[in-house]
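Undergrad: Output the structure for:
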Amino acid sequence: MLAQCNQEFGALDYRLDYRQLIDDPSVDAIYVNTPNKTHFEIASAFIESGKNVSVEKPMTLSSVDAFHLVDLSRKNNVVLSSGQIHRFSNGLKELKKAIGAHALGDVYYIRLAWTGFLPPQTERDVITDLAPHPLDICNYLLDDGRFKYRAEEKDTEPKGMKRLRLSRPSTRLA
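TA: Residues are numbered from 1 along each chain as shown. I've put the predicted structure just below:
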């Protein structure tokens, strides 16, 4: 794979071990897009070395680790962000404007269908890997910031498909 990258992009400084970059003064920021179980280890190492970090979602596999990364980033005065790419789509920006202008009336219900075209992944879970997107979209569209969801997970057909029902204590449902 490294040879393919070298052929496609030219002779750049490729590394196979992230630890070789931690103390590199020419690196200001990194993007962590590795198996989910490695996110915390890699992100915390770079944050502690004073690097800005963007972590693909899920940021970590536990909320305790996620809050620890936030604390580390504050302590080290670096930027920590999560890969919520859908928030920046033009379609969602326009929908947010329409909701804000009450062009759709009062929003009481949002239904999102999420599909993937990749085969089932053995290293990832659909709830931690895909569910952050609709949660972030609802937070963004409804300007609700952080609030609690009650989630019910159940297996559905076809096999391997998951359904996640989210509700929250307010007049709007997601």
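
Undergrad: And the most centrally placed residue in the chain, how close does it get to residue 36?
TA: In the chain, the residue lying closest to the centroid (Cα atoms, centre = their mean) is residue 57, at 2.7 Å. Between residue 57 and residue 36 the computed distance is 9 Å (Cβ to Cβ, to the nearest Å). C-beta: built from backbone N, CA, C; applies to glycine.

Undergrad: Pull up the overlap in contacts between those two.
TA: Residues touching both residue 57 and residue 36 (Cβ atoms under 8 Å, 6 or more residues apart in numbering): residue 129.

Undergrad: Quick one: the strands in the chain, in order.
TA: Counting by DSSP state E, the chain has these strands, from start to end: 29-32, 52-55, 80-82, 150-156, 161-167.

Undergrad: looking just at contacts, which helices and strands does the third one meet?
TA: Think strand 80-82. strand 52-55, helix 63-75 (3 or more Cβ pairs under 8 Å, 6 or more residues apart in numbering; DSSP states H and E).

Undergrad: buried sites along that strand?
TA: 80, 82 (16 or more other Cβ atoms under 10 Å).

Undergrad: Partner strands of that strand and their direction?
TA: strand 52-55 (parallel) (DSSP bridges).

Undergrad: avg pLDDT for the strand it pairs with?
TA: Strand 52-55 shows a mean pLDDT of 96.

Undergrad: got it, and stretch 87-102?
TA: 90.

Undergrad: who's in contact with residue 54?
TA: 29-32, 79-83.

Undergrad: roughly how far apart are it and residue 142?
TA: Relative to residue 142, and taking Cβ to Cβ, residue 54 is found at 24 Å.

Undergrad: Got the domain ranges for this protein?
TA: 2-82, 87-167 (automatic domain parsing).

Undergrad: most packed of those?
TA: Each of the domains of the chain was assessed for mean neighbour count using mean count of other Cβ atoms under 10 Å. The highest is domain 2-82, with a mean of 14.

Undergrad: start to end distance for that domain?
TA: Domain 2-82 has an end-to-end distance of 26 Å (Cα to Cα, to the nearest Å).
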